[in-house]
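Chemist: Curious how this folds, go ahead:
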Amino acid sequence: MPQIEHVVFDLGKVLVHFSYRQLLPLLRRQGALIRDGEDFASQIGLSEYEHGQISTLTFLQRIDALLSAPLGEDRLRKVWCDIFTPNPQMLNLARQLRSQAQIYIISNTGEIHWHYLCERFGLNELCDQAFASCEVGLMKPAAEIYTTAEKCFGFTPEQVVFIDDRLENVAGARACGWQAIQHLSFGQTRDALIDLGFNLST
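Modeler: Now for the predicted structure:
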């Protein structure tokens, strides 16, 4: 088996945690009629935003339009970014891997979150290169996002392992010839990387 020289991380629920647990009740208090996170995403066209098909202003206006007591652009930007918290074990794992491989990030995310996450978690220092779905107009698990990464990052499928929490994204990478790990826990992901030949502390 060829040596793995490149590790591609997903971001949300891998290197950082996120949850709508506080956001949805806040929006409901402002008058939003939303059942759950999936319903919320559908009503605001989140997939369109994360594909880069609508502007940030339009996206924020769509959220505010759900509310009988609108929050306004500045407040919405803040509450939209407050869903994230760090995953220290996985962030440290990525740092450990930097001495053994090139590190990359591919994230299905929109402009607001991407800029916030790059700044808040120092992604430029954590990885060699990164891109968000909104920048390339493609989202995992579409095959084109993986082939775009190959061209952008300069590797071949045999050289890379991909780490993502969503099984469909892992399957998409494998269909393109990548090795891939479904991230379920820190220990499981670390052990899978050790099995691939990486030297990682426990």
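Chemist: All the helices of the protein, residue numbers only.
Modeler: Secondary structure of the chain (DSSP state H): helices at 23-29, 37-44, 46-50, 56-65, 73-81, 88-97, 111-120, 123-126, 133-136, 143-153, 167-175, 186-195.
Chemist: Next, format those as TSV and append mean pLDDT.
Modeler: As requested, the helices of the chain are arranged in TSV below (pLDDT from 0 to 100):
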stretch	mean pLDDT
helix 23-29	97
helix 37-44	97
helix 46-50	98
helix 56-65	97
helix 73-81	97
helix 88-97	96
helix 111-120	97
helix 123-126	92
helix 133-136	98
helix 143-153	98
helix 167-175	98
helix 186-195	97
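Chemist: The ones you listed: which one's closest to residue 104?
Modeler: helix 143-153 (5.3 Å; Cβ to Cβ). All C-beta spots, glycine's among them, are computed from the backbone N, C-alpha and C.
Chemist: Which residues does the closest one contact?
Modeler: 6, 8, 102, 104, 106, 128-129, 131, 133, 136, 138-140, 156-157, 162, 172-173, 175-176, 178 (Cβ atoms under 8 Å, 6 or more residues apart in numbering).
Chemist: Could you rerun that using 6 Å?
Modeler: Applying Cβ atoms under 6 Å, 6 or more residues apart in numbering, the external contacts of helix 143-153 come out as 104, 106, 129, 136, 138, 173, 176.
Chemist: can you check stretch 21-31 too?
Modeler: Outside stretch 21-31, the residues that touch it by Cβ under 6 Å, 6+ apart are 67-69, 83.
Chemist: Now, of the residues you listed, which are buried?
Modeler: Listed as buried from those are 67, 83; burial here means 16 or more other Cβ atoms under 10 Å.
Chemist: Excluding chain neighbours, what is closest to residue 33?
Modeler: The spatial neighbour of residue 33 that comes closest, neighbours along the chain excluded (Cβ to Cβ, 6 or more residues apart in numbering), is residue 66 at 7.3 Å.
Chemist: Contacts only, for residue 80.
Modeler: By Cβ under 6 Å, 6+ apart, the residues touching residue 80 are residue 112.
Chemist: Not counting its neighbours along the chain, what's nearest residue 34?
Modeler: In space, and not counting its chain neighbours, residue 34 is closest to residue 40: 4.5 Å by Cβ to Cβ, 6+ apart.
Chemist: Burial check on that neighbour, number of neighbours?
Modeler: Residue 40 is flanked by 19 other residues according to other Cβ atoms under 10 Å.
Chemist: wait, doesn't it sit right on residue 46?
Modeler: No. Contact criterion Cβ atoms under 6 Å: residue 40 and residue 46 do not qualify, at 7.8 Å.
Chemist: residues near the residue nearest to residue 44 when sequence neighbours are not counted, how many?
Modeler: The spatial neighbour of residue 44 that comes closest, neighbours along the chain excluded (Cβ to Cβ, 6+ apart), is residue 62 at 4.6 Å. Neighbour count for residue 62, taken as other Cβ under 10 Å: 16.
Chemist: re the thing from before, go through the contacts of helix 143-153 and flag which are in strands.
Modeler: Of the positions in those, 104, 106, 129 sit in strands, assigned by DSSP state E.
Chemist: Good, we can wrap up now.
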